[in-house]
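Chemist: after the sequence you'll find the predicted model.
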Amino acid sequence: QRFKRRAALYTFYNTTDFHRHHLIKLIVHQGSRAKKMHSVLKSQRAQCVARSRRPLSVSCAAGKVNMLVVGNGGREHALVWRLSQSSLCEHLYSAPGNPGTAAEKNVTNVGINVNNNAEVVKFCKEKNVGLVLVGPEVPLVAGLADDLQAAGIPTWGPSAKAAQLEGSKAFMKDICKKYNIPTAAYEKFTDAKRAKDFIKSLGAPIVVKASGLAAGKGVVVARTVEEAYQAVDDMLVSKVFGDAGNELVIEEFLDGEEASFFALVDGEKCVPLISAQDHKAVGNGDTGPNTGGMGTYSPAPVVTDALSRQVMDELVYRTAHAMAAEGHPFKGTLFAGLMIKDGKAKLLEHNVRFGDPECQSLMARLDCDLGEALHSASTGRLEQVKLAWRPDAAVTVVMAANGYPGNYQKGTVIRGIENVTGAKVFHAGTARNSAGELVANGGRVLNVTALGKDVAEAQVKAYHAVKQIQWDDAYYRTDIAWRAIARLQAAKQ
């Protein structure tokens, strides 16, 4: 009986307030003997609640755990790099990973099919995985986090229903309208003629978006009505983005400066991260077609303390409340794409994971244990997470295959990465050929991230590292962080 009582008290001490409440209710219904135990537990409640709210060392509470990162891009390499350094990490698996993750210490790439939820769950059980971080959006929309959580495996990433914030731009815009989240005015269309009639009535500039997942490229900012018509035909009729273009969101053009804002969210609990700014356009001066991102820097000076508070209050907290009210509470990394004008932000889009390539700059600046933070967050203790950041600025330059985001060649050989100094090179789209050489295997291939005392120094170091890499087919922008550097130079005058 003493053993049973101690076991019950241990459970009581190590559960959240919500589960503790229901544990007491359960005990009350177990008869007179259990009621006596309930009285013991109840008398300790205030002390236990106070203990539960103090930051704990996860490694002390849970011991070291095996970890799994799902994905194979530059974002996942950055997360693997950070998690593998965690004091909580026994061993880290990367599925499927890439040549960069394979080179990190205490990391093993595994060739499981990450699009097969059952296979991922089976692997986690076999390897006793105690934390899963799902990097890309596609597995989240497909319900991977649901299946992992159902199997009792701590997972950082939202349910399939909550992931519709990214999986359906139409869903996200409807949530914004219903819960008064600042965003651009919009309409939804599945008929090309009706879409074009709407465009004609509004005129240009105007924004045409494929509602579904399009790898960050399903958005056209049309400067003319004819360009908007062409976007409708491409997406809705020609299906250039496949089923992602079955429904369109057409919205007013918002002028201003873009930025990226991130928060860890569990239900209605939210912890902000730091800001970053992404360069979506392929060409210098932010010209040309949109890409998945050609480079980032952090912090973004346009995101002031006052703006951060507005974003948290009006965008992040309202979204968290909205998803909880809709019966689909959000648990994961919420990424708010912002358009900022006159010191106020409106929501361009929500993503349901770390940004790519923003994550690379954030991980370079992170100055705390990512494994402990995400394990706490994934096991109902987000309020205990205290994030710390280096004061340095970070700049990430994306090296892409020539021709991206259009047609590009795979298999071109890359050399010299091992000789790079002053920066970290993350692999985004690489592979090994039959001779064991490192080759390009995607559009965005390498992400070169450097730190500096300010953004100007970080930029110099990043481009110095880029020039140390020998890759004849490389294309990259030469002006990443130009806005922040212009602000810095103006402040010095």
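Modeler: Okay, I see it. Just so it is clear, the structure is predicted and the values come from calculations on it, not from any experiment.
Chemist: with adjacent residues omitted, what lies nearest to residue 422?
Modeler: residue 461 (4.7 Å; C-beta to C-beta, 6 or more residues apart in numbering). Where you see a C-beta, it was placed from the backbone N, CA and C, and this is true even at glycine.
Chemist: so that neighbour makes contact with residue 453?
Modeler: No: the criterion here is C-beta atoms under 8 Å, and residue 461 misses it with residue 453 at 10.4 Å.
Chemist: which one's more surrounded, those two?
Modeler: residue 461 (19 against 10; other C-beta atoms under 10 Å).
Chemist: what's the first helix or strand after whichever strand or helix holds the more buried one?
Modeler: Taking DSSP states H and E as the definition, one finds residue 461 inside helix 455-468. Using DSSP H and E, the helix or strand that follows helix 455-468 in sequence is strand 474-475.
Chemist: give me the residues contacting whatever helix or strand comes next after that next one.
Modeler: Per DSSP H and E, the first helix or strand lying C-terminal to strand 474-475 is helix 482-492. Counting by C-beta atoms under 8 Å, 6 or more residues apart in numbering, helix 482-492 makes contact with 257, 277, 285, 297, 300-302, 393, 454-456, 459, all of which sit outside it.
Chemist: weed out the non-buried ones from those.
Modeler: For those, burial is judged from neighbour counts taken by 16 or more other C-beta atoms under 10 Å, and it is met by 277, 297, 300-302, 393, 455-456, 459.
Chemist: what segments of the stretch 251-400 of the chain are helices?
Modeler: 305-311, 317-325, 358-365, 370-378 (DSSP state H, counting those that start in this stretch).
Chemist: can you list the neighbours in contact with the last one?
Modeler: Contacts of helix 370-378 with the rest of the structure, by C-beta under 8 Å, 6+ apart, involve 56-59, 62, 65, 67, 79, 82-83, 85-89, 130-131, 133, 154-156, 264, 266, 271, 331, 363, 382, 384-385, 387.
Chemist: change it to 6 Å
Modeler: 58, 82-83, 86, 88-89, 131, 154, 156, 264, 384-385 (C-beta atoms under 6 Å, 6 or more residues apart in numbering).
Chemist: same question, the second one
Modeler: Surrounding helix 317-325, the residues in contact under the criterion C-beta under 6 Å, 6+ apart are 162, 175, 179, 181, 265, 267-268, 270, 329-330.
Chemist: just the buried ones from the residues you listed?
Modeler: If we count by 16+ other C-beta under 10 Å, the contacts of helix 317-325 have these buried: 162, 175, 181, 265, 270, 329-330.
Chemist: in JSON lines: the residues you listed, plus pLDDT and distance to residue 221.
Modeler: As requested, the buried ones among the contacts of helix 317-325 are exported to JSON lines (pLDDT from 0 to 100; distance: C-beta to C-beta, whole Å):
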{"residue": "162", "pLDDT": "98", "distance to residue 221": "28"}
{"residue": "175", "pLDDT": "98", "distance to residue 221": "23"}
{"residue": "181", "pLDDT": "98", "distance to residue 221": "21"}
{"residue": "265", "pLDDT": "98", "distance to residue 221": "29"}
{"residue": "270", "pLDDT": "98", "distance to residue 221": "30"}
{"residue": "329", "pLDDT": "98", "distance to residue 221": "33"}
{"residue": "330", "pLDDT": "98", "distance to residue 221": "28"}
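Chemist: okay, now residue 318: neighbour count?
Modeler: Residue 318 has 18 neighbours, counted by other C-beta under 10 Å.
Chemist: centre of the chain to stretch 167-178, how far?
Modeler: 18 Å (C-alpha atoms, centre = their mean, to the nearest Å).
Chemist: any idea how far residue 298 is from the residue nearest to residue 422?
Modeler: 14 Å (C-beta to C-beta, to the nearest Å).
Chemist: repeat that for residue 73.
Modeler: 18 Å.
Chemist: quick one: which of the two has more around it?
Modeler: Higher neighbour count among residue 73 and residue 298: residue 298, with 32 against 25, using other C-beta under 10 Å.
Chemist: isn't residue 94 right up against residue 101?
Modeler: Yes: taking contacts as C-beta atoms under 6 Å, residue 94 lies within contact range of residue 101: 4.2 Å.
Chemist: could you list the low-confidence segments of this protein?
Modeler: Within the chain, the segments meeting pLDDT under 70 span 1-62.
Chemist: got the contact list for the spatially most central residue of the chain?
Modeler: Geometric centre of the chain, nearest residue: residue 354, 1.3 Å, by C-alpha atoms, centre = their mean. For residue 354, the contacting residues are 75, 333, by C-beta under 6 Å, 6+ apart.
Chemist: reformat the buried ones among the contacts of helix 482-492 as JSON lines; add distance to residue 414.
Modeler: Output for these, formatted as JSON lines (distance: C-beta to C-beta, whole Å):
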{"residue": "277", "distance to residue 414": "27"}
{"residue": "297", "distance to residue 414": "24"}
{"residue": "300", "distance to residue 414": "30"}
{"residue": "301", "distance to residue 414": "33"}
{"residue": "302", "distance to residue 414": "34"}
{"residue": "393", "distance to residue 414": "27"}
{"residue": "455", "distance to residue 414": "27"}
{"residue": "456", "distance to residue 414": "28"}
{"residue": "459", "distance to residue 414": "22"}
